[in-house]
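Engineer: have a look at this prediction, sequence included:
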Amino acid sequence: MLLAIRRWATRWAGYTVHAYIDNQGVIGALEKGLTKNCTANDILKLILWLTAMHDITLKPIYIPSEENYIADPYLGGMSIPAL
């Protein structure tokens with residue numbers, strides 16, 4: 001999500017972005033703005049900062065894993081490059 005926001009923030013400025021997520025923990029973290037994991041908190045802070053700086057409203061929406069057929073083939077086992 002961070003990589004997508006970094007890439008598209010200027011085009012998404014002023015819009016609501018629906019993020020379909022199959023992990024309820026991630027949704028909770030996005031809604032609360034906090035997680036117990038320090039590394040995840042750093043990423044979450046970047047996401048929230050970028051969305052605030054570009055006036056993006058991020059709307060996380062739960063989607064069951066079996067319905068997440070678009071992202072899973074691309075992200076399964078994917079290593080995330082250094083930020």
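Structural biologist: Thanks, I have it. Note that the structure is a prediction, hence the values are computed from the model and not measured. Numbers count the residues shown, from 1 in each chain.
Engineer: if you count neighbours, what's buried in the lengthiest helix in the chain?
Structural biologist: Of all segments of type helix in the chain, defined using DSSP state H, the longest is helix 38-53. Neighbour counts over helix 38-53 (16 or more other CB atoms under 10 Å) mark I43, L44, I47, L50, T51 as buried. Backbone N, C-alpha and C define where each C-beta goes, glycine included.
Engineer: which of those lies closest to M1?
Structural biologist: Each of the buried residues of helix 38-53 was scored against M1 by CB to CB, and I47 proved nearest at 6.2 Å.
Engineer: per-residue confidence for that closest one?
Structural biologist: Note on I47: pLDDT of 95.
Engineer: and the longest helix of the chain, what does it pack onto?
Structural biologist: helix 2-12, helix 24-32, strand 57-62 (3 or more CB pairs under 8 Å, 6 or more residues apart in numbering; DSSP states H and E).
Engineer: where are the low-confidence patches of the protein?
Structural biologist: When residues are selected by pLDDT under 70, those of the chain lie in 69-83.
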